[in-house]
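Trainee: sequence plus the predicted model coming up.
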Amino acid sequence: MPPIRPSSVLTLCRRPSPVYSGPLKARPRHRPFTQNHDPAILHRSVQIYHSPSTDPYLNLSIEHHLLQRSSPDSYILFLYANRPCVVIGRNQNPWLEVNLRQLHHGIPPPSGSSPQPVDLVRRRSGGGTVFHDGGNLNWSVICPPAVFDRDRHAEMVTRALRGLGVGGARVNERHDIVVDDVVKSANAAVQTFKVSGSAYKLTRLRSLHHGTCLLSSPNLAHVSALLRSPAEPFIKARGVESVRSKIRNVGVGNGEFIAAAVREFRGMYDCPPDAEVSVDEEAALETPEIAKGVKELMSPEWIYDQTPQFTFSTHPTEDDPRPRPPLPDNIPSRFRSHLTIRHGEIQDAAVTGLHYVDDIDAASQDQALSQALVKQHLHRMPDWREALSSASTVPLADSNAAGDWLNSMFGNNTP
Amino acid sequence: MASIARCLRVARPSGLSALAKSPVSRVCIARAFSATATNAVRKYTKEHEWIDLSADLKTGVIGISEYAAKALGDVVFVELPEEGKRVQAGDAIGAVESVKSAADINAPISCKITQVNLVLEDKPGTINQVPEDDSHGGGWIAKVQVDEEGVKDLDKLMDVQAYEEFTAGEAEH
């Protein structure tokens, strides 16, 4: 990427969007993505943005746009809250990190009857899986690499929290913000709870540190189940595994937190009074680069196929010798499945032990069935029962139980 | 890689200055050279990538420097470049993840990726052990084909000595 000069920033912001420039659109063509502001804002030395959007794909794409297009020596604070979603790290595995069936079901609503939907998001930064909702405020600091330090802005947020009365807040060795609490029990043990996690993205010219901050999420009781995959005992994955932490809310309002974080940020960097602006959601979506980012983040290719290679095995293997939990009783006892999945696609399959109606040459039937599964994309398989029976060259006596179980493992065909 | 290499400065200022002159680093550079006797040139970017260019200036090997590898901390995943892709100097061609950070790897010069180091898929930690080793089993990232434009880009890069001075200077900040 060549160094970005202010002129290219200007051009970018003013370029009319090919999507919205049709004759039916009366919308002005030259709009920055913030309200009432000059697009030249991207090369001011200190910038503070608030996003009113709760769309995680949009917010992460605005953030990425700021990372890619802001002037290389600028300092930026970006604040946003998302609707309920599970956000996995860049090099993580959704089948391992997330209970996809639970995710598709959604989480119980605070009141009313229909469950709240939960989005699945893969972010561009590293690190582990987190849950977001409206009671979790995300803060993001983009700055020149020369001042990058993994704790610098976690400390900034910690000072903001302390200022709001969250006395025990501190940054731990994993660059998370935690609070210590004496648990009311016989031995009065001190327990530590994570309230904010960190992740980073580093490009040639810029560094980004973003974090979550659990302020008042009403959904914490559901998080653990969402982030526990039933397939975990069977999967061995390359890439990054999450570290489980006990979490809790700090009990601060979003507005209070935002004001305190902005105050701390202003205290660190020389910030003009008019540095703070609100993102215009509609205009942001019309900025071609942001729209492209949203499209990419929402694509199954990014969410699923970006997953580092992994294996799924019903039985201990040389590579993954862990003892496996027993499979459900209704599955044929000889059933075994070993899958290698690369870029979300089954690269290698060995499925054996299903009952065929005509069992004369089960070994070659197994081989044919396994071969037919190769090249299928895991997330695109609508139903494993269907996949197994159509992969088999002869009718299967009963593949429904195995198919149901595989569906529950991979989150296919959520009832 | 620029950002990463600087990230330890605040946390471990003394560690970094030691790093630039560490014996480990010297051993490694020496090994890389001895393993590739045909290499006429090794150059470094300010962002801590290196490139070895063959004597005929037609092919090269790309990796990240010992200095950067140390500053990164434990590498847990390497996103390898795409084989067959043509890239310009400075383009992000891959990424490494360590300590929650996804850091871009940038092309030191214009080139075409001809081969990637699949060893890193299974053993990303190789980057920490032998980042400047361009032989089999080493921590190199990609092999590339170079044209005239790429050779020209080389002029903007640093030789070993200049790079050592540069990193020593970074550490003293």
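Mentor: Nice, thanks for sending it over.
Trainee: find the centremost residue of the chain, please.
Mentor: You didn't pick a chain, so chain A it is. Among the residues of chain A, the one closest to the centroid is A:Val87, at 1.9 Å (Cα atoms, centre = their mean).
Trainee: oops, I was thinking of chain B
Mentor: B:Ile64 (1.8 Å).
Trainee: quick revisit: spatially nearest residue to the residue nearest to the centre of chain A, not counting backbone neighbours?
Mentor: A:Val121 (4.6 Å; Cβ to Cβ, 6 or more residues apart in numbering or on different chains). The C-beta positions use only the backbone N, C-alpha and C, and glycine is treated the same way.
Trainee: next one: A:Ser313
Mentor: Spatial nearest neighbour of A:Ser313, excluding adjacent residues (Cβ to Cβ, 6+ apart): A:His338 at 4.6 Å.
Trainee: and what about that neighbour, helix, strand or coil?
Mentor: Secondary structure state of A:His338, per DSSP: H, G, I helix; E, B strand; the rest coil, is strand.
Trainee: rewinding a little: A strand includes the residue nearest to the centre of chain A, no?
Mentor: Yes. Looking at A:Val87 with three-state DSSP, it is inside a strand.
Trainee: tell me the contacts of it?
Mentor: Contacts for A:Val87 were tallied using Cβ atoms under 8 Å, 6 or more residues apart in numbering or on different chains; they are A:Pro56, A:Val121, A:Arg122, A:Arg123, A:Thr129, A:Val130, A:Phe131, A:His132.
Trainee: my read: A:Met156 touches A:Ala261, true?
Mentor: Yes. If you go by Cβ atoms under 8 Å, A:Met156 and A:Ala261 touch, sitting 7.4 Å apart.
Trainee: and those two? Which one has more around it.
Mentor: Comparing A:Met156 with A:Ala261 by other Cβ atoms under 10 Å in any protein chain shown, the one with more neighbours is A:Ala261, at 25 against 20.
Trainee: quick one, strands of the stretch 201-350 of chain A?
Mentor: Assigned strands in the stretch 201-350 of chain A, in chain order: A:207-214, A:235-237, A:276-278, A:310-313, A:336-342, A:345-352 (criterion: DSSP state E, counting those that start in this stretch).
Trainee: just chain B next, same as before
Mentor: Along chain B, the stretches classed as strands by DSSP state E are B:39-44, B:49-54, B:59-64, B:75-79, B:86-87, B:92-98, B:101-106, B:111-116, B:142-145.
Trainee: nearest to A:Ser408, of the ones you listed?
Mentor: Nearest to A:Ser408 among the strands of chain B is strand B:75-79; the distance by Cβ to Cβ comes to 27.8 Å.
Trainee: contacts for that closest one?
Mentor: Residues outside strand B:75-79 that contact it (Cβ under 8 Å, 6+ apart): A:91, A:238-240, A:308, B:69, B:94-98, B:102, B:120-121, B:124-125, B:127-128, B:141.
Trainee: what is the rounded mean pLDDT of it?
Mentor: Summarised as a single mean, pLDDT over strand B:75-79 is 96.
Trainee: what angle separates it from strand B:101-106?
Mentor: Here strand B:75-79 runs at an angle of 40 degrees relative to strand B:101-106 (axes from the mean of the first three to the mean of the last three Cα atoms, to 10 degrees).
Trainee: quick revisit: give me the buried subset of the contacts of strand B:75-79.
Mentor: A:91, A:238-240, A:308, B:69, B:94-98, B:102, B:120-121, B:124, B:127-128, B:141 (16 or more other Cβ atoms under 10 Å in any protein chain shown).
Trainee: would you check that the residue nearest to A:Val87 makes contact with A:Ile303?
Mentor: Yes. Using Cβ under 8 Å, A:Val121 is in contact with A:Ile303, at 7.4 Å.
Trainee: quick check: neighbours shared by those two?
Mentor: In terms of Cβ under 8 Å, 6+ apart, A:Val121 and A:Ile303 are both contacted by the residues A:Leu297.
Trainee: quick check: the residue of the stretch 201-350 of chain A nearest chain B.
Mentor: Of all residues in the stretch 201-350 of chain A, A:Leu202 sits closest to chain B, at 3.7 Å by Cβ to the nearest Cβ.
Trainee: ramachandran angles for the closest residue to B:Lys43 other than its chain neighbours?
Mentor: Closest residue to B:Lys43 apart from its sequence neighbours, by Cβ to Cβ, 6+ apart: B:Leu157 at 3.7 Å. B:Leu157 adopts backbone torsions of phi -90, psi 170, taken as degrees, to the nearest 10.
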